[in-house]
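A.B. asks: Output the structure for:
(one chain, ligands or ions: 1)
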Amino acid sequence: MDNNDLVISTNGLTKAYNGVQALKSLDLKVRKNSIFGFLGPNGAGKSTTIKLLLGLIKPTAGSGNVFGMDIVKESTLIRKRIGYLAQDPRYYDYMSARETLRFTARFFYSGPKNEIENKIDDTLELVGLDDKADRPIKGFSGGERQRLGIAQAQINDPDLLILDEPAASLDPMGRRDVLEIMEKLREKTTIFYSTHILSDVQRVSDTVAILNRGELVAQAPIEELLQGNGNAVYSLVLKGDAANARSVLTGQPWVSLVNTVSSNGSTSINVTVTDDSIAEDRLLRLVLEDKSVQVKEFGKKRYELEEIFMNIVGGKNNV
Ligand SMILES: Nc1ncnc2c1ncn2[C@@H]1O[C@H](COP(=O)(O)OP(=O)(O)OP(=O)(O)O)[C@@H](O)[C@H]1O
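C.D. replies: Numbers count the residues shown, from 1 in each chain. Purely as a prediction, here's the structure:
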């Protein structure tokens, strides 16, 4: 990976609070224009990482760069180019969304003054709050409050958006809206967001890092992770007596595991293989040769992120 392509890069980044290691030697690489899901259960160290990147706290050891600048020495310059949504954004509830954005723009908008109102209108539209722009925030739903937070973070067209659990507290509709806005924004900026919700990561991220107890346990493009651990699993549904098919499959040197479940005269079989190219060529042929069964369904199983996550973190945490 070309280093000029990296928006965030950390090297052995470590943070201890009073001797308790919250983050252990983190090596993170976030590519420009990616939408990077930073996944981990509660207490994994996600917020600690975000605070370090923003220069709000100092590392105990290691280093980090954002836009090629040092997160300790150049944090003021870095923050000018970042939009940040905190985990629990607070507002003046008597103010409207428009007034709130005006207030934010006073501090963070660096474009021409006569453009501010247009910019506010565009941003309200982007997050779908244009029709509620002049109502007090007091009556806003959780999803609307989060979308306003994204609007605030986006007002100065940042080169990097950092969102701390942007959808965690929302109902499914609210989550969908926030994820859709993130999808739209990925064309304009790089998005680094933390979450403990697996399905959100699977839906919008292109790269994912998994943090567990302060340690990075995986970091890869999502497609790579979803391909699983190198083994492929095929699933079949057979009608008839599947005993022979089962023993033929079990006897193949490229098959490592065969699981069967029978009910109402049909049998579901999951076959884990160690050599996928042989399996592609031979597996279905072998079963079709067996005249005591009919093949009703055949397919390759796609790993769900949840399985991968549970495999990696060993099911030790409640997610
Ligand atoms: N200021 C602090 N002082 C002491 N310990 C802290 C402090 N901040 C965080 N920790 C501890 O560091 C660990 C990591 O916390 P962090 O908030 O980074 O996790 P997280 O992944 O963001 O979790 P959550 O999703 O619950 O916010 C936790 O064990 C937490 O209790």
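A.B. asks: Which parts of the stretch 101-250 of the chain are helices?
C.D. replies: 116-126, 142-154, 172-185, 198-204, 222-226, 243-250 (DSSP state H, counting those that start in this stretch).
A.B. asks: what would the ones you listed look like in CSV with mean pLDDT?
C.D. replies: Below are the helices of the stretch 101-250 of the chain laid out as CSV (pLDDT from 0 to 100):
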stretch, mean pLDDT
helix 116-126, 93
helix 142-154, 94
helix 172-185, 91
helix 198-204, 81
helix 222-226, 75
helix 243-250, 94
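A.B. asks: Columns mean neighbour count and distance to K296 on top of those, output as JSON lines?
C.D. replies: Heads up, the C-betas are built off the backbone N, CA and C, glycines and all. Below are the helices of the stretch 101-250 of the chain laid out as JSON lines (neighbours: other CB atoms under 10 Å; distance: least, CB to CB, whole Å):
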{"stretch": "helix 116-126", "mean neighbour count": "17", "distance to K296": "48"}
{"stretch": "helix 142-154", "mean neighbour count": "23", "distance to K296": "43"}
{"stretch": "helix 172-185", "mean neighbour count": "17", "distance to K296": "33"}
{"stretch": "helix 198-204", "mean neighbour count": "20", "distance to K296": "28"}
{"stretch": "helix 222-226", "mean neighbour count": "16", "distance to K296": "26"}
{"stretch": "helix 243-250", "mean neighbour count": "17", "distance to K296": "12"}
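A.B. asks: Out of these, the one nearest the ligand is which?
C.D. replies: The closest of the helices of the stretch 101-250 of the chain to the ligand is helix 198-204. By CB to the nearest ligand atom, the value is 13.5 Å.
A.B. asks: what residues are up against the closest residue to Q154 other than its chain neighbours?
C.D. replies: Excluding the flanking residues, the one nearest Q154 by CB to CB, 6 or more residues apart in numbering is G83, at 5.4 Å. By CB atoms under 8 Å, 6 or more residues apart in numbering, G83 lies in contact with Q152, A153, Q154, I155, N156, P158, L160, L161, I162, T189.
A.B. asks: Which positions in the protein make contact with the ligand?
C.D. replies: For the chain, the contact set with the ligand under CB under 6 Å from any ligand atom comprises Y17, V20, A22, G40, N42, G43, A44, G45, K46, S47, T48, H196.
A.B. asks: Narrow those residues to those that are buried.
C.D. replies: By neighbour count, with 16 or more other CB atoms under 10 Å, those hold A22, G40, A44, G45, K46, S47, T48, H196 as buried.
A.B. asks: mind checking how far the third one is from D88?
C.D. replies: Pointing back at A44 there. According to CB to CB, to the nearest Å, A44 and D88 sit 18 Å apart.
A.B. asks: picking that back up, is it true that the residue nearest to Q154 lies in a strand?
C.D. replies: Yes. Assessed by DSSP: H, G, I helix; E, B strand; the rest coil, G83 belongs to a strand.
A.B. asks: Kindly state the beta-bridge partners for it.
C.D. replies: Counting by DSSP bridges, G83 forms beta bridges with L161.
A.B. asks: still on that earlier bit, and of the contacts of G83, the nearest to the ligand?
C.D. replies: The ligand lies nearest to I162 out of the contacts of G83, by CB to the nearest ligand atom, at 12.5 Å.
A.B. asks: Show me the buried ones among the residues of the chain next to the ligand that map onto strands.
C.D. replies: A22 (DSSP state E).
A.B. asks: can I get the buried ones among the residues of the chain next to the ligand in TSV with pLDDT and distance to M69?
C.D. replies: Below are those laid out as TSV (pLDDT from 0 to 100; distance: CB to CB, whole Å):
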residue	pLDDT	distance to M69
A22	95	23
G40	88	26
A44	90	26
G45	94	22
K46	94	22
S47	93	22
T48	95	20
H196	85	29
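A.B. asks: Noted, bye for now.
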